[in-house]
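Q: Here is a sequence with its predicted model. Questions after.
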Amino acid sequence: MNAPLKPTDLMPQTVEFKLNDQRLQAYEGETILKAAQRHGVDIPHLCYKDGLRPDGNCRACVVEIKGERTLAPSCCRTATAGLEVLVSDRAVKSQKMVLEMLLSDMPDVGHKWNDSLSTSSETSSAAATGQHGELSDWASRLHVSVRPELRALRREQPACDVSHPAMAVNLDACIQCNRCVRACREEQVNDVIGYAHRGAHSQIVFDLDDSMGHSSCVACGECVQACPTGALMPKTQVGSQAVDKKVDSVCPFCGVGCLLTYNVKDNKIVSVDGRDGPANHNRLCVKGRFGFDYIHNPQRLTVPLIRKAGVPKDPEVLRQLNAHAVDWSQVFREATWDEALALASGSLKQLRDTHGKKTLAGFGSAKGSNEEAYLFQKLVRTGFGSNNVDHCTRLCHASSVAALLEGVGSGAVSNQVNDVEHAGLIFVIGSNPTANHPVAATWMKNVAKRGAKIVLADPRVTDIGKHAWRTLQFKPDTDVAMLNALIHTVIDEGLVDEDFIRNRASNYEALKDNVKGYSPEAMAPICGIPAETLREVAREFAKSKGAMILWGMGVSQHVHGTDNARCLIALVTVTGQIGKPGSGLHPLRGQNNVQGASDAGLIPMMYPNYQHVTDKAAHHWFEKFWDTPLDDKPGYTVVEIMGKILADDNDPHKIRGMYIMGENPAMSDPDLNHARHSLATLEHLVVQDIFMTETAWLADVVLPATAWPEKTGTVSNTDRMVQLGKQAIDPPGQAKPDLWIIQQIAKGVGLDWHYQGEHSGVAEVYDEMRQAMHAAINGITWERLQRESSVTYPCLSEDDPGSPTVFMDHFATDDGRVHLVPADIIPANERPDADYPYVLITGRQLEHWHTGSMTRRATVLDAIEPIATASMCGSDMQRLKVAAGDVITIASRRGQVTLHVRRDDGTPQGAVFVPFAYYEAAANLMTNAALDPFGKIPEFKYCAVAIHAGGHLPLNVGFGLNRA
């Protein structure tokens, strides 16, 4: 085993040098520019940007070094001991000359953009105010103006390129600093932007000199953030660049938890910048940077609504109505808050008091804050009187959490994503990180370029496969066979970390005995991977300095999802690849707060911090803490609740009323016809959301809530970081904070809560949650979050920096050891046959997320990916006699959809991939509700379908502003 790092090993060494006769300390390997900045000395620079590789091509940062004839670029010259640096008159004269020459090529005030962007007669780029970003700023600070004779030599100005939905290209403002090239190629590793031609004709190009909108650009916007002059910029900031305020927050989409800054003007977000947070270090993806304007969509709910008398809850209406139309008046009427709250909570209370405490249930949200999740589950447990509370973690990583709690005693990740920096091998299984967790994928691509080996294990070969050392494209549903073959190889070839097994694991002999029959040679025909490839990967995994496993819902969303995760735990255990940097287990979380919502207790069998409701000590503690008798039986999960709604009237556990906050089960649940029928059968349904979701159309009362930028609160990302987001804008109309609405419902069902302070008492609720989760976040106070924005847990005291890597010495189990659980092959609940010969795989895509209720109302995201598509390989398309763009119909035993087909040769033969974000082609109409027996997660990733050419496409309902 590797020796543990000492604190002194992590401390950077320093050297002393002189700058303008002042003695300064520089870190070993630090540049003159960086060292000067740390000491408050500003040196002009344009091609340099923190986070990008120094390039030294603009020469705006030159300094004089004693004893050297030529001036040196301070951005890429390392400070060494005894070096004497001068920002001399000679250096300043050179800096000014560079700035003047660059300014001379800039477009004049009055230069016009394409009319499709602006009707203003002024320049719509940074030149509109005579400013060119950082270039103009440095020119102003050094009192530089441009001589007319230099203006006369100005280059011919290229035309604007406004072909991309999100970004405008204004190369007449380009200084060819190459920041955008480095951001695209080296930071994001997308390899779209290049530098072409020679001499005066040289310029920035996209792919093979394509327009930006027709290139392979994935719209991460890193080039926009890198550009110092406005040559590349968001279209939303065409025109005046002035903003009223900048507000720090957290991205509201995937679980990576990128910190960002909202730029706000006139109570509207006009653009987003990446912030130097620990998970992203300024990076963002297309959703984080350009998916913000869903909050300004005219379809926002702004008044409370009550279902009109006599209007039935007919789920068939969802097929016929434009479910996302602005006009909901055919089904609902406006109400006051007092009337809506009285009906919402009064009817829930009546059902509870008439039929018993088991008759109510609540679905909370992984898209809200920790405080909302905590208060919501507290409401259900203390106000409704049962543990019937759940959220979407049941549909994504419930089986992963079940296996992790069983095996290592904690449902969270052992190592953070960017710990791949220390890994020799990165094992990505059942995940498409470039689409689902794009910023996390950049860390993987970065280290792959530096020599780390990526292994992609997935039935689909996705984009990360371009960077993979080996690709294990196993047959769908054969995860356990493949993983057991890897474990078998480690044991069979003597690669086991015997010390680790002896000191830190239990039940190893049972595992060893179980995998005897799973040799690579025996499993190769089953999983479709050659035996030698399996052995090669197993050897590399065991021998690597650090091997880290990252997985997604391709592992968890099976009836054997818990067994899949058990195999991953076993693989890192037998190789000793856990409890050290660059190793361990990381289930990538899909939503911005699915980790935090689970931590806060928004699950039916556990109180906050994963304390079992059946544990007598935990039960007693929470009864005392909340001063309320509590149910000591686990509640029902998401899919089980749908079944209990349809239970016989004599069943005392029949669910009759529900409160759903920010979830959309009428789109996210499996077998949607069944789920929608269940929701329509409820005697009383209260929905709290920001849009009229499919679920809201089946409600009795709809309560308009706040979107993430309209609230202050914390979220916890996939890396176990508790992060603070601050309110950036006011909510529209009569929309109210979710935390306030929960408290009003609580009051209506008889609870006496009094949370004080601004933002509906968010700080007080957080502090109460911190007490309930003291074993994890006790050291993360509200005041500390205000200062630091992001703190990693476990964090037990206010001076504790947090633990990015856990299990260094012991596991969180009762005996401190890994509990190994052998797994055998369990087939999918439903297999292909002659009538349904294909396998359906569902998932997310880069531009859209979850059920599409937010991203399909974001203008840019909807413009980039506006229609539902199914991905198939070319050979299957040829067999069906269809071409890319043709219409196909996919049908399972439960439902069918009609949509366009897209060629994707990474999808295996006999399979079809369908995103689940499109209402008009809802993939979950077809999926199977069969459950994993441990995690109670549905088998979204595998069911049998039939496919035929043609079909009648439904009316495209249109979600974005351009279609409202």
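A: Good, I have the coordinates. Numbers count the residues shown, from 1 in each chain.
Q: Tell me how many other residues crowd Ala949.
A: A count of nearby residues for Ala949, using other CB atoms under 10 Å, gives 14. The way it works is simple: take the backbone N, C-alpha and C, and place the C-beta from them, glycine included.
Q: Actually, Asp209.
A: Neighbourhood size, Asp209 [other CB under 10 Å]: 12.
Q: Please name the residues that touch the closest residue to it other than its chain neighbours.
A: Counting by CB to CB, 6 or more residues apart in numbering, the nearest residue to Asp209 once its immediate chain neighbours are dropped is Ala196, at 6.2 Å. When contacts are counted by CB atoms under 8 Å, 6 or more residues apart in numbering, Ala196 touches Ser202, Gln203, Ile204, Val205, Asp209.
Q: Who is Ala196 paired with across the strands?
A: Gln203 (DSSP bridges).
Q: separation between it and Gly385?
A: 68 Å (CB to CB, to the nearest Å).
Q: and if you look at Thr462?
A: Relative to Gly385, Thr462 is positioned 45 Å away (CB to CB).
Q: if you count what's nearby, which of the two comes out ahead?
A: Under the neighbour definition other CB under 10 Å, Thr462 and Gly385 were set side by side, and Thr462 has more, 24 against 20.
Q: Surely Ile780 touches Val722?
A: Yes. Under the contact definition of CB atoms under 8 Å, Ile780 touches Val722, with a separation of 5.3 Å.
Q: shared neighbours of those two, which are they?
A: In terms of CB under 8 Å, 6+ apart, Ile780 and Val722 are both contacted by the residues Val791, Tyr793.
Q: on that earlier part again, which among the contacts of Ala196 count as buried?
A: The neighbour-count test (16 or more other CB atoms under 10 Å) marks Ile204, Val205 as buried among these.
Q: Could you dump the contacts of Ala196 into a markdown table with distance to Thr302 and pLDDT added?
A: What follows is the contacts of Ala196, written out as a markdown table (distance: CB to CB, whole Å; pLDDT from 0 to 100):
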| residue | distance to Thr302 | pLDDT |
| --- | --- | --- |
| Ser202 | 52 | 89 |
| Gln203 | 47 | 91 |
| Ile204 | 43 | 95 |
| Val205 | 45 | 96 |
| Asp209 | 47 | 94 |
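Q: wait, isn't Trp337 in contact with Gln734?
A: Yes. Contact between Trp337 and Gln734 holds when scored by CB under 8 Å: they sit 6.8 Å apart.
Q: what's the overlap in contacts for the two?
A: Pro304.
Q: Can you read off the pLDDT for the closest residue to Ala200 other than its chain neighbours?
A: When the adjacent residues along the chain are set aside, Ala200 lies closest to Arg155, with 6.4 Å between them (CB to CB, 6+ apart). At Arg155, the pLDDT value in this model is 77.
Q: Compute the number of surrounding residues for Arg155.
A: Using other CB under 10 Å, Arg155 is surrounded by 11 other residues.
Q: SS state for it?
A: Assigned state for Arg155: coil (three-state reduction, DSSP: H, G, I helix; E, B strand; the rest coil).
Q: again, but for Val791
A: Three-state call for Val791 (three-state DSSP): strand.
Q: What residues does it make contact with?
A: Shown here is Val791, whose contacts under the criterion CB under 8 Å, 6+ apart are Met721, Val722, Gly779, Ile780, Arg784, Leu785, Gly802.
Q: separation between the closest residue to the fourth one other than its chain neighbours and Ala81?
A: With sequence-adjacent residues excluded and distances taken as CB to CB, 6+ apart, Ile780 is closest to Val791, at 4.7 Å. The gap separating Val791 from Ala81 is 36 Å, by CB to CB.
Q: same thing with Val887?
A: In this structure, Val887 lies at 70 Å from Ala81, with CB to CB as the measure.
Q: Between these two, which is the more surrounded one?
A: Per other CB under 10 Å, whichever of Val887 and Ala81 has more neighbours is Val887, with 15 against 10.
Q: give the contact list for the more buried one.
A: Contacts here follow CB under 8 Å, 6+ apart; on that basis Val887 touches Thr898, Leu899, His900, Val901, Ala949, Gly950, Gly951, Leu953.
Q: closest to Val413 among the residues you listed?
A: Of all these, the one sitting nearest Val413 is Leu899; the distance, using CB to CB, is 34.9 Å.
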